[in-house]
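Provide a 3D model corresponding to the input given below.
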Amino acid sequence: MNNLSMKHVLDNDAYGKVMESGAVRFERLLPGPIERVWDYITDSEKRGAWLAAGEMELRVGGKVTLNFHNAKLAPVGEPVPEWLQPYTGPITQNGRITLYEPRRLLGMTWGDNGDGSPASEVVFELTPKGKDVLLVLTHRRLTSNQEGLMVSCGWHVHLGVLVAQMNGDPAPAYWTKFDKLQPVYRKHFPE
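Model prediction:
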């Protein structure tokens, strides 16, 4: 790994990389061990502290229910921009497990509402890096620029909350960060 890519991996606020049409990828270096990071992805209570609580049937084909309460992730008193008010929660997202290799790989559909409309897919990949763990998160099959924009901003902010949680730091800005990220990701997902 060259110095440029190592800096990207170590920068836990690095922008997501917009990949092929309809995909974005994030890398974050998290404090291990790998079992701890896996728990923050698969355990409802721990996942709820940075993303969304809810049940996961941990097997390929298993049901996923994510219950978002984004307002609970923001620092107390942080104002919510008007355009983000609909995302404060509660919001329920359903899906199915598509990939499952314990403590290494978890894939799931995103927005699988059972009506036959296309769902995107999120894949979490974990790789040990000494005492730390590299998390690579890829969100594929995004069907519109608006979805790409919201997903990119959302993952960036949620991963910031995860990094803070795992390092025992206070909750970082949530709504303010989301609002500031919009023009950055809009360059990749124009209106």
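
So for stretch 80-100, mean pLDDT?
For stretch 80-100, the mean per-residue pLDDT is 94.

Any idea how far apart the tips of stretch 54-65 sit?
Chord length of stretch 54-65, first to last residue, is 5 Å (CA to CA, to the nearest Å).

brain fart, stretch 59-75
The first and last residues of stretch 59-75 sit 34 Å apart, counting by CA to CA.

can you check stretch 103-122 too?
Calculated as CA to CA, the first-to-last residue distance of stretch 103-122 is 16 Å.

same check, this time on stretch 36-56
This stretch, stretch 36-56, spans 17 Å end to end (CA to CA).

Buried residues, that stretch. List them.
Buried positions in stretch 36-56, judged by neighbour count with 16 or more other CB atoms under 10 Å: 37-38, 40-42, 46-54, 56. Any C-beta I mention is one placed from the backbone N, CA and C, and that applies to glycine too.

Check stretch 89-98 too.
Gln93, Asn94, Gly95, Arg96, Ile97, Thr98.

Got the phi and psi for the one residue sitting closest to the centre of the chain?
For the chain, the residue nearest the mean C-alpha position is Trp155 (3.8 Å; CA atoms, centre = their mean). Torsion angles at Trp155 (phi, psi; degrees, to the nearest 10) stand at phi -60, psi -40.

Any figure for the gap between it and Tyr100?
As judged by CB to CB, to the nearest Å, Trp155 and Tyr100 stand 20 Å apart.

on that earlier part again, which pair of the buried residues of stretch 36-56 spans the longest distance?
The largest distance within the buried residues of stretch 36-56, taken as CB to CB, falls between Val37 and Gly54 and amounts to 18.5 Å.

which residue ranges form the helices in the chain?
Taking DSSP state H as the criterion, the chain carries its helices at 3-10, 34-42, 44-48, 145-167, 175-186.

Of these, which is nearest Ala119?
Closest of the helices of the chain to Ala119 is helix 145-167, at 11.1 Å (criterion: CB to CB).

Tell me which residues are up against the closest one.
Outside helix 145-167, the residues within contact range by CB atoms under 8 Å, 6 or more residues apart in numbering are 12-13, 15-16, 18, 22, 24, 26, 28, 30-31, 36-37, 40, 46, 49-51, 73, 120, 135, 137, 139, 142, 169-172, 174, 177-178, 181-182, 185-186, 188-191.
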